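Student: Whatever this is, show me its structure:
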Amino acid sequence: MLDTEVQYDLEFFYRFYLKILGETLLYFRNFALYISVWVFSYLVVCCIVYRRYARRLPTRTRGALKTKRVLMVVAHPDDECMFFGPTIFRLCEQGADVHVLCLTNGNYEGKGQIRRSELWDACKELGVPGQNICLIMDTRLRDDPKCQWPVPIVAKLIQHRLESLDIDTLVTFDRGGISSHPNHSAVFYAVAYMFVEKLVPKRCTVYTLDSVNVLRKYIAFLDLPLSFVLSSKRYFLRWTESRRVVRAMKRHKSQMVWFRHLYVMFSRYMVINTLRRISLADIELELEVDD
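Tutor: Numbers count the residues shown, from 1 in each chain. Prediction:
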């Protein structure tokens with residue numbers, strides 16, 4: 001009698017185990033199917049947006065800044081390719097007079113002279129004339145994430161370039177600095193200081209490059225639909241055009257360590273730039289968030 005009960009209990013637990021296992025496998029199968037459908041649908045949307053908008057000629061003017069003389073303010077040599085490449089390439093293609101202001105020579109590893117030369121080579125590849133490049137050599141502005149750049153000094157340097165070149169559009173980093181590098185963010189705070197102190201020329205419009213989360217940052221062309229929906233000012237490059245930005249980035253040979261090769265392959269900033277126009281009200285809101 002006891003053996004019969006034990007056998008019955010074992011059969012019960014065996015059937016119960018098979019039932020749980022079957023339901024678990026069914027759940028994971030349905031979950032995998034659900035995710036696969038979403039991924040496939042998103043890829044289809046990416047292809048549609050790319051073919052319909054990014055590959056067409058009107059994209060060259062769609063969402064454009066409509067600028068004649070633009071100043072790109074970056075912190076280090078290679079920033080112009082790593083982050084602003086699509087914007088610089090497209091503006092040069094549209095015939096805008098593009099100027100680049102680089103606030104350091106990138107001497108963090110003692111390669112300042114090499115990186116200076118690489119900056120000129122990279123900008124030439126993007127279409128920026130050599131005479132339109134200005135590199136600052138100031139001991140107060142060191143290429144160092146631990147160095148706190150004096151905001152008024154940076155603001156004064158930017159203001160001088162804006163006024164001397166009669167710039168109508170300024171493009172630089174946002175508060176996040178794309179990679180959260182303190183030197184990048186310092187440029188934004190200098191521009192914020194200029195707004196507060198009313199140092200921005202009245203005819204000058206200011207745009208910042210959107211910082212995005214890590215997932216969006218490293219999905220390259222797959223960020224196209226989100227960029228199109230979430231931003232009104234955007235520059236997309238076709239696959240063949242993005243190779244030009246890649247070639248420009250590779251001019252920075254001293255910086256092309258293994259992880260930057262991965263960055264070039266997967267970063268959306270090599271193919272997509274989304275920009276946001278900012279005003280004094282936006283700056284005040286940003287500073288309130290910091291406080």
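Student: And whatever helix or strand residue 189 lives in, how far out from the chain middle?
Tutor: Applying DSSP states H and E as the criterion places residue 189 in helix 182-196. Distance of helix 182-196 from its chain centroid, counting by C-alpha atoms, centre = their mean, to the nearest Å, is 17 Å.
Student: now swap in stretch 202-215 and tell me
Tutor: Stretch 202-215 sits 9 Å away from the centroid of its parent chain (C-alpha atoms, centre = their mean).
Student: Also stretch 170-177?
Tutor: Using C-alpha atoms, centre = their mean, the offset of stretch 170-177 from its chain centre is 10 Å.
Student: other SSEs contacting the longest helix belonging to the chain?
Tutor: Assignment by DSSP state H gives helix 2-49 as the longest helix of the chain. Judged by 3 or more C-beta pairs under 8 Å, 6 or more residues apart in numbering; DSSP states H and E, the packing partners of helix 2-49 are helix 224-230. (Each C-beta comes from the backbone N, C-alpha and C, glycine too.)
Student: what does the helix or strand that the helix it packs on is followed by rub up against?
Tutor: Downstream of helix 224-230, the first helix or strand assigned by DSSP H and E is strand 233-236. By C-beta atoms under 8 Å, 6 or more residues apart in numbering, the surrounding residues in contact with strand 233-236 are 53-54, 59, 63-65, 86-87, 89-90, 207, 224, 227-228, 271-277.
Student: Among those residues, name the ones in strands.
Tutor: Among the contacts of strand 233-236, the members falling in strands (DSSP state E) are 207, 272-277.
Student: Can you tell me which of the residues you listed is closest to residue 136?
Tutor: Distance ranking of these against residue 136, using C-beta to C-beta, places residue 207 first at 21.1 Å.
Student: The closest one - nearest residue in space that isn't next to it in sequence?
Tutor: In this structure, residue 207 finds its nearest non-sequential neighbour in residue 275, 4.3 Å apart by C-beta to C-beta, 6 or more residues apart in numbering.
Student: Give me the neighbour count for that neighbour.
Tutor: 21 (other C-beta atoms under 10 Å).
Student: hang on, it packs against residue 206?
Tutor: No. Applying C-beta atoms under 8 Å as the test, residue 275 and residue 206 come out as separate, 10.0 Å apart.
Student: which residues touch residue 123?
Tutor: Neighbour list for residue 123: 80, 88, 100, 130, 132-133, 248 [criterion: C-beta under 8 Å, 6+ apart].
Student: quick one: it from residue 39, how far?
Tutor: To residue 39, residue 123 is 38 Å away according to C-beta to C-beta, to the nearest Å.
Student: repeat for residue 33
Tutor: Taking C-beta to C-beta, one finds residue 33 at 11 Å from residue 39.
Student: circling back: please tell me which one of the ones in strands among the contacts of strand 233-236 counts the most neighbours.
Tutor: Going by other C-beta under 10 Å, residue 272 tops the ones in strands among the contacts of strand 233-236 with 29 neighbours.
Student: tell me the pLDDT at that one?
Tutor: Listed pLDDT for residue 272 reads 93.
Student: Show me what it bridges to in the sheet.
Tutor: For residue 272, the residues forming beta bridges with it (DSSP bridges) are residue 236.
Student: so how far is residue 199 from it?
Tutor: Residue 272 is 31 Å from residue 199, where distance means C-beta to C-beta.
Student: before we move on, back to that, may I have the helix holding residue 189 as CSV, with CA atoms only?
Tutor: Output in CSV follows, covering the C-alpha atoms of helix 182-196 (Å, rounded to 0.1, in the frame of the first residue of the first chain):
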residue,chain,number,x,y,z
PRO,A,182,33.7,67.7,-18.3
ASN,A,183,35.6,69.6,-21.0
HIS,A,184,32.6,69.2,-23.4
SER,A,185,30.1,70.3,-20.8
ALA,A,186,32.3,73.3,-20.0
VAL,A,187,31.7,74.6,-23.5
PHE,A,188,28.0,74.4,-23.0
TYR,A,189,28.3,76.3,-19.7
ALA,A,190,30.4,79.0,-21.4
VAL,A,191,27.6,79.4,-23.9
ALA,A,192,25.1,79.5,-21.1
TYR,A,193,27.2,82.2,-19.4
MET,A,194,27.1,84.2,-22.7
PHE,A,195,23.3,84.0,-22.8
VAL,A,196,23.0,85.2,-19.2
